[in-house]
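# Have a look at this prediction, sequence included:
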Amino acid sequence: MIDLVVVGAGPAGLGAAIAAAEHGLQVCVVDEFVKPGGRLLGQLHEEPDGKWVNGIEEAQKLYSRAIELGVNILCGVSVYDLQKVDHGWCVYTTDEMIESKCLLLATGASETPIPIPGWTLPGVMSIGAAQVMGNVHRVKPGEKAIIIGVNVLSVAIARELQLCGVHVESILLPQPGILAGDAAQPEKMMESLLRLSHLAPSPLIRMGGKWVSPKLGARLFPKNGFKMWGIPIQLRKTALEIYGENQVEGVRIAEVSASGDVLPGTEKTVSADFVCIAGGLTPMSELASVAGCSFCYVPELGGHVPLHNEFMQTNLAGLYVAGNITGVESAKVARAQGKVAGLSVARVLKALTYGGNEKLHSAVEEVKETRKNALIQFQPGIEEARRELYGKFDETHKKTLISI
Amino acid sequence: MNSMRVEHHPVLGDLENQKEIKIYFDGQEYTAHEGDTIASALLASGIRTLRLHEDKATPRGIYCNIGHCFECRVRVNGKNTVRACLTPVENHMQIESGTPLSASFIKGGTL
């Protein structure tokens, strides 16, 4: 029986593996994808100081450090079941069954699809799929893109697709309806976009971030949209349908009012050879559910998240969570959370040497600091929502866990 | 045809020293790069339709590209339901697209 199995080789999983292995623990990391790094792999953005952050390099650094520490990393291996046994967990993978004293779920987040008519046509893919295709596999998903869904992720990836040589025709809203939810509301999307204002090269949105209310922003929004990196962002246009015989040929669009209602008589078609759907991210918590851990619904964190405390412990002994499974945030926050989880496991397995408690507490502080300085806030109110969640955990589970 | 490759990238740099291998999709030969997934190799060659839906026979391709949605399932070297987006290519790999099921396999169908 090894000390720790980590599911997910993204920034959280590798961060945890490194922290645990640095304290002498025997760690195995399992990931379904062909390469380690998780969603770091696709990331590429320019910091306000003009420096590019290349996720592939970041992933390589984490991977090398983990290997150097003797962490066993299995890629292309899926986990399909978990079982609590005496003093540990059984992890059933497509490769072999692994037994460990502790288990960390760092499975990340998955994209929320917006099933508008025509979305199953070849050439329609999630925005993250296009990102991985372009930046990781170095294949363009097409020549001319329309992106459906205006949010921080879609705008950032539109820019990345542009760097891959793709022409991004426009970014627009999905058709209003129960499945699209807020994603079809110009005012809500303006609010989400304003949180990106410090990164935006457009003076309208940069100024907007400081003083325009989302409501006013959506009203004042020019009917033909405005441009970021030359890409028209059209909060007042909506995609009604993706059309094409055997693959994507274009999108039927219409104009919408500030509250998202389709204006009759404004329909037209725009040609494109691929379409990306950007419905936002949801914590990927299936394995936590299989493990039987308690959940909380926290909209600010992206949906249902495993109940956990700030030391990344769940309500089940030996089960930990870190990264986007605990709430959608940036890769830097995920990595910092991973470190907390790794140290937390080391603490429970009595591997933390002198000064260990201080280390763990300063790692918890580092998460808060990283969150405060994050360039992209996926949702407002993350800090408050987390405080409340941890409070709820302490109320119900303090007595059943090994105290820290 | 490799026109969909991002050979040059202003930040990530140029693609260099790519080792080429051969794969087969529905009997047709294609060139892939070592390190490609089945999905990326076929897309680079302009192949978007990976299967026809079992019931409706509508064309399907990749959707999520990271293994969640199973839209890209194909048959590889005789093995069914292999996710093209998670499976690295190998030299001489035989890939077959999914086809509609015969009427007898569909719920409500007759023998």
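Yep, that arrived.

# what ranges do the helices span in chain B?
With DSSP state H as the criterion, chain B has helices at B:38-44.

# Can you pull up the most central residue in it?
The residue lying closest to the centre of chain B (C-alpha atoms, centre = their mean) is residue B:39, at 4.0 Å.

# Report pLDDT for that residue.
pLDDT recorded at residue B:39 is 98.

# Apart from its chain neighbours, what residue comes closest to residue B:73?
Nearest residue to residue B:73 in three dimensions, chain neighbours excluded: residue B:81, at 4.9 Å (C-beta to C-beta, 6 or more residues apart in numbering or on different chains). C-betas here are computed from N, CA, C, even on glycine.

# The one you found: what's it in contact with?
By C-beta atoms under 8 Å, 6 or more residues apart in numbering or on different chains, residue B:81 lies in contact with B:70, B:73, B:75.

# Of these, just say which sits nearest to chain A.
Closest approach between the contacts of residue B:81 and chain A, by C-beta to the nearest C-beta: residue B:70, at 11.9 Å.

# contacting residues for that closest one?
Residue B:70 makes contact with B:81, B:83 under the criterion C-beta under 8 Å, 6+ apart.

# Count the neighbours of residue A:93 for me.
18 (other C-beta atoms under 10 Å in any protein chain shown).

# What's opposite it in the beta bridge?
residue A:79 (DSSP bridges).

# Residue A:347 reaches residue A:360, doesn't it?
Yes: Residue A:347 is within contact range of residue A:360, at 5.8 Å (criterion: C-beta atoms under 8 Å).

# ok, those two, which is more surrounded?
Each of residue A:347 and residue A:360 has its neighbours counted (other C-beta under 10 Å); residue A:360 has more, 21 against 18.

# Distance of the more buried one relative to chain B?
32 Å (C-beta to the nearest C-beta, to the nearest Å).

# thought residue A:123 was touching residue A:276?
No: using C-beta under 8 Å, residue A:123 makes no contact with residue A:276, being 10.0 Å away.

# Settle it for me: which of the two has more neighbours?
More crowded of residue A:123 and residue A:276, by other C-beta under 10 Å: residue A:276, with 28 against 25.

# Surely the more buried one is within a helix?
No: the assignment for residue A:276, made by DSSP: H, G, I helix; E, B strand; the rest coil, is strand rather than a helix.

# shaky segments in the stretch 51-200 of chain A?
Where the stretch 51-200 of chain A drops to pLDDT under 70, the residues are A:177-200.

# Counting by contacts, list what the host helix or strand of residue A:252 packs against.
Take DSSP states H and E as the rule and residue A:252 turns out to sit in strand A:250-255. On a contact count with 3 or more C-beta pairs under 8 Å, 6 or more residues apart in numbering or on different chains; DSSP states H and E, strand A:250-255 meets strand A:144-148, strand A:231-243, strand A:268-271.

# which residues touch the last one?
What that stands for is strand A:268-271. Here strand A:268-271 makes contact (C-beta under 8 Å, 6+ apart) with A:144, A:146, A:169-170, A:243, A:249-254.

# same thing but at 6 Å, please
For strand A:268-271, the external contacting residues (C-beta atoms under 6 Å, 6 or more residues apart in numbering or on different chains) are A:250-253.

# cool, and stretch A:354-372?
Contacts for stretch A:354-372 (C-beta under 6 Å, 6+ apart): A:310, A:332-333, A:336-337, A:339-340, A:343, A:347.

# Name the member of those with the most neighbours.
Highest neighbour count within those: residue A:337, with 33 neighbours (other C-beta under 10 Å).

# is it possible to export the contacts of residue B:81 to CSV including pLDDT and distance to residue B:59?
Shown next, in CSV, are these (pLDDT from 0 to 100; distance: C-beta to C-beta, whole Å):
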residue, pLDDT, distance to residue B:59
B:70, 95, 16
B:73, 97, 14
B:75, 97, 16
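
# Filter the residues you listed down to the ones in strands?
The strands, defined by DSSP state E, take in B:73, B:75 from the contacts of residue B:81.

# Closest to residue B:29 out of the contacts of residue B:81?
Taking C-beta to C-beta as the measure, residue B:29 lies nearest residue B:75 of those, at 17.1 Å.

# Is that closest one bridged to anything, and to what?
Residues in beta-bridge contact with residue B:75 (DSSP bridges): residue B:96.

# I'd assumed residue B:96 was in contact with it.
Yes: using C-beta atoms under 6 Å, residue B:75 is in contact with residue B:96, at 4.1 Å.

# hang on, isn't residue A:255 packed against residue A:265?
No: with contacts counted by C-beta under 6 Å, residue A:255 stays clear of residue A:265, the gap being 9.1 Å.
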